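J.: got a predicted structure here, sequence first:
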Amino acid sequence: MKGPAAPKDPVEKRPCLYVVLDKTISGMKEKDGVCRDYVYLEGRLIDQVRFTSGDIEEDILNMLPKMETFRKLVHSVGVSLKAVEPEDREDTVEFQFQCYGKTDKYTTGTIMEMTCPCTGEELVIPVEAYPVNEDDDQFGSFNFIFPKENRNMTLTVKFYLNDGYEVPEIQVDPPVQFDSDDYKKMIANSLVSTGNNYRLKKVIEKAKRGEPVTIAYIGGSITQGAGAKPINTLCYAYRSCQAFCDLFAPGGDNVHYVKAGVGGTSSEFGMVRYDRDVTKDGEIKPDLVVIEYAVNDEGDETEGVSFESLVRKVLQAENKPAVLLNFAVFMSDWNLQERLQPIGERYELPMVSVKDAVTPQFEKSNIITKRQFFYDIYHPTNDGHRIMADCIAHLFEAVDKEEMADEDISLDKEPVYGIQFKDIERFDRKNAVEYAEVTAKGYEGVDTEIQYVERDMDLTASPEFPDNWMNDGTTEGAEFSMKLTCKNLVAVIKDSGSSEFGTADVYVDGKAVKSINPLDNGWNHCNAQILIDEKESGEHQVVFRMKDGDAGKKFTILGFGVTR
């Protein structure tokens, strides 16, 4: 090959911070027909850079989240995308680096953007190409728009620094040796307990006989499949279900799969939606339910009661399903295993801990590094999801080798934290008449801009609580009121990032019990809130009234969970 007669002088390489390194993204079609993927940065950017780039000075990291200091630090943003499949390398992907606005979160901030080839070539956006915008607040996300859905790309994003700033170069990680003895030992460390194996052995025997078996998964975004590309086949839930098939039902024709993960939600919401999302209102009777909330339940205001109530709700079903507790972990090595494991011990449940498997070896990085395990500071990569699935499969194998327990677990025991929500039922606009007398002045609308999730094997997301009550802010004196008889009442409210939404005060029997601000969490998702928690059932009047000053704002009540 003949080279150029006079090669150009090389451009001096600037020091850089890696934000994303060799992570897989894959656009999924949203309800508007556009294929998108995201890397979320709000509240995560510092940790994202820290875990990707290693030991970086705090003064530098603290300059990243806000545009004002970001401009002083960062010269340009480098983006490279490489299609996994060679035939997709002629495509291009639209890249956006979105800064949220102060006035309106999603529309008034700066968006740096460019069209990226899918060949692996790096393109660079100079920060100075975008004028100063006084409305810029904090960085929200990297957004990607794909020409087609499910086209896996390997993504790297770098922040090249201005003169005067220096950072160390990162070390590239060696591939994970999944077949090594060290890997197998790591997976074995995940086994917390096989518990009383009576129910799980029954499920295994049923599968071996070729009888229909249903395995269901409920949890947060990790169970939804966040970080797995594609989300439907490379998530830990599907992979561990496939492992069950490989072990006990080759071909898998008799094994049915239910995936019911919802991002950003705790077991407080999980117990409300279990009957709709998992059992499909009684149509499905799962034989095994895997519950994963160890990294989502920090927001559970009951501090364990909701989780234990969900566990009991599943265990008390007429068909006596097995329950397996799955303790995931964040990049910070944090989870709530210490809170939740005693529940598993009380009911003698099989348990696996991804934290116990991976965190002890992260310091030495001799099997898998944090950069390889985590897609971002919360969610696993494809490799991370594989490890989670392997941990569950290891438990399946261990139980299969054991003798069956002489008798089933007993539910006649004192709870660890409480089980008052174990009989909770869900209602919304569609079936509210069965539970309450509702007067919804100004709440005649139905909100369609709600949380969507990918269920089961679907790549197309579907809505949570589509039959809701929405106050669109146009009715003077808007008020939602209902009379019902209950012991416990949980409201499910739409959180939002839009300044069009305002705060509602909630009154129970004339007493103010809560002031709910949909902007507290800053993004569109379902948020469960306990309004009534009594020992005895009684008649109550519940009223939602917009806070003074927010009368012209929107507010959406998605639905309720009630025990009677």
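T.: Yep, that arrived. Numbering: from 1, shown residues only.

J.: could you pull up phi and psi at residue 514?
T.: Note on residue 514: backbone dihedrals following degrees, to the nearest 10 are phi -160, psi 150.

J.: so where's this protein uncertain?
T.: 1-12, 365 (pLDDT under 70).

J.: could I get stretch 262-273 in CSV with only the CA atoms?
T.: The C-alpha coordinates for stretch 262-273 follow below in CSV (Å, rounded to 0.1, in the frame of the first residue of the first chain):
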residue,chain,number,x,y,z
VAL,A,262,-39.8,-1.6,36.5
GLY,A,263,-36.9,0.8,36.7
GLY,A,264,-36.6,3.2,39.7
THR,A,265,-39.2,1.5,41.8
SER,A,266,-39.1,-0.3,45.1
SER,A,267,-40.9,-3.3,46.6
GLU,A,268,-43.4,-0.8,47.9
PHE,A,269,-44.6,-0.4,44.3
GLY,A,270,-43.9,-4.1,43.5
MET,A,271,-46.4,-5.4,46.1
VAL,A,272,-49.1,-3.2,44.5
ARG,A,273,-48.5,-4.3,40.9
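
J.: and it, how far from the chain's centre?
T.: Averaged C-alpha coordinates place stretch 262-273 at 10 Å from its chain's average position (CA atoms, centre = their mean, to the nearest Å).

J.: what of stretch 334-341?
T.: With CA atoms, centre = their mean as the basis, the distance from the averaged C-alpha position of stretch 334-341 to the chain average is 17 Å.

J.: and it, what's buried?
T.: 335-337, 339-341 (16 or more other CB atoms under 10 Å). (C-beta placed from N, C-alpha, C; glycine too.)

J.: now do stretch 409-428
T.: 409, 415-424, 426-428.

J.: what's the span of that stretch, first residue to last?
T.: One end of stretch 409-428 sits 34 Å from the other (CA to CA, to the nearest Å).

J.: need the next SSE after the helix or strand where residue 399 lies, C-terminal direction.
T.: Element membership of residue 399 [criterion: DSSP states H and E] is helix 382-401. Remark: after helix 382-401, the chain's next helix or strand is strand 425-427, criterion DSSP H and E.

J.: what lines up beside the helix or strand following that following strand in the sheet?
T.: Downstream of strand 425-427, the first helix or strand assigned by DSSP H and E is strand 436-441. Counting by DSSP bridges, the strands paired with strand 436-441 are strand 479-495 (antiparallel).

J.: returning to what we had before: format the buried residues of stretch 409-428 as JSON lines; extra columns: distance to residue 485.
T.: Output for these, formatted as JSON lines (distance: CB to CB, whole Å):
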{"residue": "409", "distance to residue 485": "33"}
{"residue": "415", "distance to residue 485": "24"}
{"residue": "416", "distance to residue 485": "29"}
{"residue": "417", "distance to residue 485": "26"}
{"residue": "418", "distance to residue 485": "21"}
{"residue": "419", "distance to residue 485": "20"}
{"residue": "420", "distance to residue 485": "16"}
{"residue": "421", "distance to residue 485": "17"}
{"residue": "422", "distance to residue 485": "18"}
{"residue": "423", "distance to residue 485": "14"}
{"residue": "424", "distance to residue 485": "15"}
{"residue": "426", "distance to residue 485": "17"}
{"residue": "427", "distance to residue 485": "13"}
{"residue": "428", "distance to residue 485": "18"}
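
J.: end to end, how far does stretch 209-223 reach?
T.: One end of stretch 209-223 to the other measures 28 Å (CA to CA).

J.: what distance separates that stretch from the centre of its chain?
T.: Between the centre of stretch 209-223 and the centre of its chain there are 17 Å (CA atoms, centre = their mean).

J.: what residues of it count as buried?
T.: Neighbour-count burial for stretch 209-223, counted by 16+ other CB under 10 Å, picks out 213-223.

J.: closest to residue 452 out of those?
T.: residue 221 (12.8 Å; CB to CB).

J.: wait, what's in contact with the closest one?
T.: Shown in contact with residue 221 (CB atoms under 8 Å, 6 or more residues apart in numbering): 261-264, 296, 378-379.

J.: filter those down to the ones in strands?
T.: residue 261 (DSSP state E).

J.: by neighbour count, which of the contacts of residue 221 wins?
T.: Within the contacts of residue 221, residue 296 tops the neighbour count with 28 neighbours, counted by other CB atoms under 10 Å.

J.: which residue lies nearest the spatial centre of this structure?
T.: residue 221 (1.6 Å; CA atoms, centre = their mean).

J.: near residue 166, how many other residues are there?
T.: Neighbour count for residue 166, taken as other CB under 10 Å: 10.

J.: for the closest residue to it other than its chain neighbours, what are phi and psi?
T.: Nearest residue to residue 166, sequence neighbours excluded (CB to CB, 6 or more residues apart in numbering): residue 15, at 5.3 Å. Torsion angles at residue 15 (phi, psi; degrees, to the nearest 10) stand at phi -60, psi 150.

J.: so what's the residue count around residue 15?
T.: 16.

J.: swap in the one 4 residues further on?
T.: Residues near residue 19, counting by other CB under 10 Å, number 26.

J.: in the stretch 201-350 of the chain, which spans are helices?
T.: 221-224, 236-248, 267-277, 305-315, 337-346 (DSSP state H, counting those that start in this stretch).

J.: who's in contact with the closest residue in space to residue 201 that isn't next to it in sequence?
T.: Excluding the flanking residues, the one nearest residue 201 by CB to CB, 6+ apart is residue 404, at 4.4 Å. Going by CB under 8 Å, 6+ apart, residue 404 touches 197-198, 201-202.

J.: also residue 211?
T.: Under the criterion of CB under 8 Å, 6+ apart, the contact list for residue 211 reads residue 254.

J.: I would like the residues contacting stretch 527-541, please.
T.: 265-266, 268-269, 272, 301-302, 420, 481-495, 506-510, 513-514, 516, 518, 521, 542, 561, 564.

J.: mind checking which of these are buried?
T.: Among those, the ones that count as buried by 16+ other CB under 10 Å are 265-266, 268-269, 272, 302, 420, 481-482, 484, 486-495, 506-507, 514, 516, 518, 542, 561.

J.: any idea which of the buried residues of stretch 334-341 is closest to residue 433?
T.: residue 340 (36.6 Å).

J.: the residue nearest to residue 520 when sequence neighbours are not counted bridge partners, please.
T.: Computed as CB to CB, 6+ apart, the closest residue to residue 520 that is not its neighbour in sequence is residue 495, at 7.2 Å. Taking DSSP bridges as the rule, residue 495 bridges to residue 525.
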